[in-house]
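**Q** turn this into a structure:
(one chain, ligands or ions: 1)
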Amino acid sequence: MLGCAGVFVASAVSPCVVTAQVKTEPAALYKDAAVPVDRRVDDLLARMTLEEKIMQLCQYTAGGNTNENNVEVKADHPLTSGSYIYYGTDPGFRNRLQRRIMTETRLGIPAIFAQDVIHGFRTIYQIPLGQACSFNPGLAARACAMAAAEARRSGIEWTFSPMVDVARDGRWGRISEGYGEDPYMNSVMGAAAVRGYQGESLASGVSVAACLKHYVGYGASEGGRDYRPADISDRALWNTYLPPFHAGVEAGAATVMSGFNDISGVPASANYYTLTEILRNRWGFDGFVVSDWDSVRQLVNQRVASDDADAAMLAFNAGVDVDMADGLYADYLARLIGEGKVSMDRVDRAVAQVLKLKFELGLFDNPYTPEVPAEERVLTPDNRRIALEMARESAVLLKNEGNLLPLAGKRIALIGPMADDGAGLNGNWSCHGVAAETVTFRQALTRTFPATVYARGCGFDSISSAEISEAVRAAQEADVVVLCLGEMPKWSGENGSRSTLSLPDAQERLAAEISAVGKPVVLVLTSGRPLELRRLEPMAGAVLQMWQPGTEGGTALAEILSGEVCPSGKLAVTFPYSTGQVPIYYGARPNARTGGQGNYQDIQDAPLYPFGYGLSYTEFSYSNLRVSAPAFTDPALPVEISVDVTNTGRCTGKETALWFVSDEVSAVARPVRELRHFEKRELQPGETATFTFSLIPSRDLPYYTPDGEPVLEPGRFTVSVAGLSIPLDYTPAH
Ligand code: NOJ
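**A** Residues are numbered from 1 along each chain as shown. A predicted model of the protein is given here:
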C-alpha cells in the first residue's frame with residue numbers, strides 16, 4: 001500500500017500531505033503562467049516524488065455516489081488524487097476541497113473534477129441516440145457547449161462523454177448513450193460533441209475536457225447484455241468500431257476511457273494493441289486514458305489477471321494511464337516498479353499527460369470556480385431554448401396515415417404512463433436534471449390544446465381495470481387520443497439491458513383497449529432504444545418517436561402536434577419488425593443467396609422502419625442527380641455529386657439528404673451501402689435547393705484491412721441518395 005493512498009480528507013498528516021507552513025519555492029517554473037505548458041510539465045515532474053506521481057494516476061469520488069452501477073470499490077478521497085468524480089452541483093464544496101489540495105499538499109497540484117455529463121447537466125437535452133436522429137451536428141455541438149458551460153460553472157472540468165460505441169443491438173441499454181448503428185454517424189456526431197464540450201480553449205471557464213468512451217467495442221457486448229465480452233474480428237474493429245474514436249481523436253478529445261468488455265478475449269482495459277499500438281502510435285493521441293469504473297480490478301473477474309497487482313500491471317502497461325475508483329494503482333504501482341514490472345518512463349509519460357491537461361484547463365492558474373448563484377449558471381432561458389431546438393429536431397415521425405397530424409383545434413384525450421412524467425422525459429443519465437423542472441407532455445398539451453383531458457391508463461409495467469376504464473371514458477369523449485407510452489429511465493443506459501424491444505404487456509394492453517374505442521390514435525413514444533412496434537403500430541394512425549427529449553420535451557411535442565413545428569428527424573438506428581431480427585442494421589454485408597432465401601420463415605425480412613426513415617408534414621422530391629466526372633484517376637481529388645431537392649408540399653420543412661456509397665465488387669465483402677455524408681436544410685414550399693456531396697475517394701471509398709491499412713480498389717462504385725444512384729469508376733493513373 002502506497003504511503004499517501006491512505007490519506008483521506010479527514011485524516012492526519014502523512015508523508016504526502018504537508019501543512020501550509022512548508023512552502024514551495026515561489027519562483028517555481030510550473031507556477032508561472034507565462035511559461036509554455038510542456039516546460040511547466042517538465043519542471044513539475046522533476047519535483048515530484050514517486051508517490052506524488054502515482055497519485056496523479058488515481059481517481060476517487062467526492063460527494064455522494066449517485067450512480068448505483070458504480071459499486072464495490074473504495075470511495076475514499078485522498079487529497080493527493082489526480083482527479084475526482086464529483087457528484088455535487090455546488091462549486092463551493094468543490095472549491096473547499098480544491099483549496100485544501102492547493103494549500104495542504106506539498107506541490108499544490110490542483111485536482112480535476114469530473115462527472116458524467118451525458119446529455120446535459122441541469123438543463124437536460126435529448127439523449128445522444130435521439131440527437132443523432134436530428135442529423136444536425138452543429139446543434140449537437142451547441143447543446144454540448146451549453147452543458148459544458150453549466151458544468152464548468154458548477155465546478156466540473158471533465159465530462160465522461162461522448163460515447164461513440166457503434167451499437168447494433170437495441171437490447172443493450174447503452175445504445176441510448178451513443179449515436180446509433182452507423183460508424184459514420186458516430187464519427188460525425190462524436191466529433192461535434194468533442195468540439196462543443198471543449199470549445200476554443202479548455203481554459204475558457206465554460207468548456208470541459210471530453211472523454212471518448214468506451215474504447216473499444218463495448219457496443220458489441222454479446223447478446224446486448226452489459227459488461228459482457230465482445231467478439232470482434234480485426235476487420236470489424238477497423239471498419240466499424242474504431243472509426244468514431246479516430247474521428248474523436250482528430251477532433252482533439254483530451255481523454256479516452258477504456259471499456260469493460262473484452263475484445264475477442266483481450267479485455268479493452270488491458271489491450272496493448274488498441275490502447276498503445278493504435279491509439280498512441282498510429283493515431284498520435286497525446287491525451288490520457290482513464291479506465292472505466294473498476295475495470296482494472298475487473299481484469300481479475302475476466303480471468304486475465306491472477307490478482308489485483310497483476311491487474312494493475314496489465315492495465316497500466318497496456319496503456320491505461322489513470323485508474324478510476326478501484327485504487328489498484330495506488331496500492332500496487334510502486335511495488336510493480338520496484339519489481340521491474342512497470343517502468344518509470346511509462347509512469348512519467350502518464351503523469352505528464354495528466355499534468356498537461358491540468359495546465360490546459362487553466363487549473364494551476366485558476367484552481368477555483370467562481371461562485372455565482374445557480375440561477376445564473378444553469379437552466380437559463382437560452383439553455384432551455386437549445387434543449388427545445390434539439391427536442392424538436394430529433395423527433396421522428398414514423399407514421400402519419402391520412403395526415404392525422406397535425407392536430408388543429410382537436411379535443412385530445414391524453415393517455416399513458418409517459419403523459420405526465422418529467423423524469424421519463426429526462427431519461428437515463430440525466431445528471432442533475434430535476435423532473436419538476438421538465439415540461440411534461442401534459443403540461444405543454446394542456447396549454448396548447450386547452451380542452452385536453454388526461455388519464456394515465458396504466459403504469460409502465462402495471463395495469464388496473466379502474467385506470468383502463470377511466471382512460472377509455474376519456475377516449476370516448478375526445479376527437480383524438482394522444483397515447484404516450486415508453487420506457488422508464490432505468491430501462492436503458494448502463495446496466496439497462498432488456499431481452500425484448502417490445503414495451504411491457506401492460507402498455508400494449510392499454511393500447512388495445514384504447515384502440516377499440518375507435519378514435520384516431522397518435523402514438524407518442526419515449527424510449528432509450530429502438531422499439532419493436534409491430535403490435536402497436538397497426539393500432540395508431542400516427543406514430544411519433546420522441547426518444548428521451550429532456551427538459552423541453554413537452555414543449556416540442558405540443559409544437560409538433562399543433563403543426564407549429566414540422567418534424568424533421570430521421571432514424572439513426574433501425575427499428576426491427578421483431579426483436580428476433582436483432583442484430584439488424586442497414587450496413588450489413590450481402591446475403592450469399594438472392595431471392596429472399598435464408599430469411600426467417602415466420603416474419604417479414606424487412607425491419608419495420610429502416611435506418612434513415614422519417615416523415616415530415618411536407619414532402620420532398622429528389623431529381624437531377626449528377627456527378628462532376630463519372631470516373632477518376634486521382635483519389636485525392638474531390639468529385640462533386642449533386643442532386644436537386646424540392647419541397648413539393650404545403651409547409652416549410654427541413655430535409656436531410658443521406659449520401660451512401662457502395663463498392664460494386666471488391667476483394668472482401670463490404671456493407672451493401674455505407675453512409676458517407678449527410679446534409680440538412682430548410683426549404684420553403686416550392687423551393688428547390690441543390691445538395692452536394694463533395695466526395696474525396698481516398699477518404700470516402702476505402703475499406704480497412706485487418707491490420708488497419710486503407711485499401712481503395714479500382715473498379716466501379718455507386719453513390720446513392722434517396723433512391724437515386726449514379727456510378728463512379730476508378731482507374732488508377734499508372
Ligand atoms: C461506468 C460507466 O460505464 C461509464 O460510462 C461512466 O463514465 C463511469 N461509470 C463513471 O460514472
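**Q** report the closest residue of the stretch 351-500 of the chain relative to the ligand.
**A** residue 494 (5.3 Å; C-beta to the nearest ligand atom). C-beta coordinates here come from the backbone N, C-alpha and C atoms, glycine included.
**Q** next, count neighbours for the nearest residue to residue 660 once chain neighbours are set aside.
**A** Leaving aside its chain neighbours, residue 660 sits nearest to residue 673 (4.1 Å; criterion: C-beta to C-beta, 6 or more residues apart in numbering). Residues lying near residue 673 (other C-beta atoms under 10 Å) number 21.
**Q** and if you look at residue 629?
**A** 11.
**Q** how about residue 128?
**A** 32.
**Q** swap in residue 623?
**A** The burial count for residue 623: 11, using other C-beta under 10 Å.
**Q** and it, what element?
**A** Using DSSP states H and E, residue 623 maps to strand 620-627.
**Q** which residues sit against that strand?
**A** For strand 620-627, the external contacting residues (C-beta atoms under 8 Å, 6 or more residues apart in numbering) are 639-649, 653, 655, 657, 683, 719, 721-726, 728.
**Q** which ones among these lie within strands?
**A** 639-647, 653, 655, 657, 683, 719, 721, 724-726, 728 (DSSP state E).
**Q** buried ones among those?
**A** Buried members of the ones in strands among the contacts of strand 620-627, scored by 16 or more other C-beta atoms under 10 Å, are 639, 641-643, 645-647, 653, 655, 657, 683, 719, 721, 726, 728.
**Q** biggest separation within those residues, which pair?
**A** Pairwise distances across these (C-beta to C-beta) peak at 30.0 Å, for the pair 653 and 728.
**Q** up against the ligand, what does the stretch 351-500 of the chain have?
**A** Contact residues (C-beta under 6 Å from any ligand atom) of the stretch 351-500 of the chain with the ligand: residue 494.
**Q** tell me where the stretch 351-500 of the chain has helices.
**A** Along the stretch 351-500 of the chain, the stretches classed as helices by DSSP state H, counting those that start in this stretch are 374-377, 381-394, 422-426, 441-448, 465-476.
**Q** most tightly surrounded among those?
**A** helix 422-426 (a mean of 25; mean count of other C-beta atoms under 10 Å).
**Q** now residue 307: closest residue in space that isn't a chain neighbour?
**A** Excluding the flanking residues, the one nearest residue 307 by C-beta to C-beta, 6+ apart is residue 300, at 6.5 Å.
**Q** so that neighbour makes contact with residue 311?
**A** Yes. Counting by C-beta atoms under 8 Å, residue 300 does reach residue 311; the two are 5.3 Å apart.
**Q** show me what contacts the residue most central in space within the chain?
**A** What sits nearest the mean C-alpha location of the chain, by C-alpha atoms, centre = their mean, is residue 178, with 3.3 Å. By C-beta under 8 Å, 6+ apart, the contact set of residue 178 is 128, 129, 162, 163, 164, 165, 166, 167, 186, 219.
**Q** now do residue 44
**A** Contacts of residue 44 (C-beta under 8 Å, 6+ apart): 28, 30, 107, 109, 355.
**Q** 7 Å instead?
**A** Residues counted as contacts of residue 44 (C-beta atoms under 7 Å, 6 or more residues apart in numbering) are 30, 107, 355.
**Q** pLDDT at residue 581, what is it?
**A** Residue 581 is assigned 98 on the pLDDT scale.
**Q** please name the nearest non-neighbouring residue to it.
**A** residue 607 (6.7 Å).
**Q** residue 566: neighbouring residues, count only.
**A** Neighbours of residue 566 under the rule other C-beta under 10 Å: 19.
**Q** got phi/psi on it?
**A** Per-residue torsions, residue 566: phi -90, psi 120 (degrees, to the nearest 10).
**Q** my understanding was that it contacts residue 615; is that so?
**A** No. With contact defined as C-beta atoms under 7 Å, residue 566 does not count as touching residue 615 (10.0 Å).
**Q** list phi and psi for the residue in the stretch 551-700 of the chain that the ligand sits nearest to.
**A** Distances between the stretch 551-700 of the chain and the ligand by C-beta to the nearest ligand atom are smallest at residue 573, namely 19.2 Å. In terms of degrees, to the nearest 10, the main-chain angles of residue 573 are phi -150, psi 140.
**Q** which of residue 300 and residue 311 has more neighbours?
**A** The residue with more neighbours, out of residue 300 and residue 311, is residue 311; 27 against 17, by other C-beta under 10 Å.
**Q** still on that earlier bit, out of the contacts of residue 44, which is nearest to residue 276?
**A** For these, the nearest to residue 276 is residue 355 (20.0 Å; C-beta to C-beta).
**Q** neighbours of that closest one, how many?
**A** Neighbour count of residue 355, defined by other C-beta under 10 Å: 26.
**Q** repeat for residue 500
**A** 14.
**Q** is it true that it touches residue 579?
**A** Yes. Using C-beta under 7 Å, residue 500 is in contact with residue 579, at 4.8 Å.
**Q** so what sits against both of these two?
**A** By C-beta under 7 Å, 6+ apart, the residues touching both residue 500 and residue 579 are residue 532.
**Q** nearest to the ligand: which residue in this protein?
**A** Closest point on the chain to the ligand, by C-beta to the nearest ligand atom, is residue 160, at 3.4 Å.
**Q** mind listing what that residue touches?
**A** Contacts of residue 160 by C-beta under 7 Å, 6+ apart are 114, 116, 211, 213, 257.
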